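**Q** No sequence on hand, only this structure:
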Ligand SMILES: C[S@@+](CC[C@H](N)C(=O)[O-])C[C@H]1O[C@@H](n2cnc3c(N)ncnc32)[C@H](O)[C@@H]1O
C-alpha cells in the first residue's frame, strides 16, 4: 500500500497508535538541531498530526511562521486542530505530495525562504524521497538549518531487530532508504541515534552560497 494511502484516514487515530513515547526523543533531538529562533520561518515536511508544533511555535514565537506539508487531508485536519488549540496563528498547512510540490509554493506559504526545515519520520515512506529532499532544500535560504529524523531496522539482538522491522513495516517505511545520510553532506552536521539505530537523527546547515 502506498504511504499516502496508509495515512489517508488516520488523522483521528494516529496519536493513539504511533508509539510516540518511543519516537519523541528522536523528534526532540531533530527540533533542537534546527535552532529555531523568534521570528523564524519553519518548514515541516510530512507534518502529520503536528506533534512538533508545540516546540516549534514556542521557539518561533508570535512573529514566526510554521508551514506544514502533508499529502493526507485527515492528518492535516488533526494538525489544524492541534494548531488551533495552541493558538498558532502563524501555522499554514499545505495539502500536497512532497515528491511533486514546487518549492515556490512552499516559499509562498512561508512568506519567504525557510530559515529551518524539519523532515520528521516521513522521507523513508516516499518512493521518490530524494525529490522531496531537494524541494525542501530549494524552499530554504542559504545557511538554513535542516534536520531529518527517520527509522530503519535496529542493530543488536534478534528480538530488537524483529520488533523494529515490524514497526517499520506498520508505518510503511522503506528500511533501506536511510534518508538522514543526505544531511551528512551539509555543513556543521550533528547526529543522534536512539533505540540501537532504529531512530536516526541528523541536522546540518545549508552552505552559504
Ligand atoms: C509516520 S507519519 C509521521 C508524521 C509526523 N511527521 C510525525 O512525526 O508524527 C508520516 C507522514 O508523512 C506523510 N506523507 C507520506 N508520504 C507523503 C508525501 N509523498 N507527501 C507528503 N506527505 C507524505 C503521511 O501522510 C504522514 O502524515
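**A** Perfect, thanks for sending it. As the structure is a computational prediction, the values presented were derived from the model and not from experiment.
**Q** tell me which parts of this structure are close to the ligand?
**A** Counting by C-beta under 6 Å from any ligand atom, the positions of the chain adjacent to the ligand are 3-4, 7, 18, 27, 46-48, 51, 69-72, 75, 97-99, 120-122, 125-126, 171. (Each C-beta comes from the backbone N, C-alpha and C, glycine too.)
**Q** Give me the buried entries from those.
**A** Among those, those scoring as buried are 3-4, 7, 18, 27, 46-48, 51, 69-72, 75, 98-99, 120-122, 125-126, 171 (criterion: 16 or more other C-beta atoms under 10 Å).
**Q** Could you pick out which of those are located in strands?
**A** Of those, the ones assigned to strands by DSSP state E are 69, 70, 120.
**Q** now, which of those residues sits nearest residue 80?
**A** residue 70 (10.7 Å; C-beta to C-beta).
**Q** Please identify the buried residues of the strand ranked longest in the chain?
**A** In the chain, assigned by DSSP E, the strand with the most residues is strand 140-151. For strand 140-151, burial by neighbour count (16+ other C-beta under 10 Å) applies to 140, 144, 145, 146, 147, 148, 149, 150, 151.
**Q** Not counting sequence-adjacent ones, nearest residue to the first one?
**A** The reference is to residue 140. Of all residues not flanking residue 140 in the chain, residue 114 sits nearest, at 4.2 Å (C-beta to C-beta, 6 or more residues apart in numbering).
**Q** And that neighbour, what's its pLDDT?
**A** Looking at residue 114, its pLDDT is 98.
**Q** now swap in residue 46 and tell me
**A** pLDDT for residue 46: 98.
**Q** In the chain, what residue spans correspond to helices?
**A** 3-6, 14-17, 20-33, 53-60, 73-85, 103-110, 129-138, 158-171 (DSSP state H).
**Q** Leaving out the residues flanking it, which one is nearest to the residue of the chain found nearest the ligand?
**A** The nearest approach of the chain to the ligand comes at residue 48, 2.4 Å away (C-beta to the nearest ligand atom). Nearest non-adjacent residue to residue 48, counting by C-beta to C-beta, 6+ apart: residue 75, 4.8 Å away.
**Q** quick one: that neighbour and residue 19, what's the gap?
**A** Residue 75 sits 16 Å away from residue 19, going by C-beta to C-beta, to the nearest Å.
**Q** Quick check, the residue nearest to residue 48 in contact with residue 49.
**A** Yes. Assessed by C-beta atoms under 8 Å, residue 75 is found in contact with residue 49 at 5.7 Å.
**Q** shared neighbours of these two, anything?
**A** Here residue 75 and residue 49 have 11, 14 as joint contacts, going by C-beta atoms under 8 Å, 6 or more residues apart in numbering.
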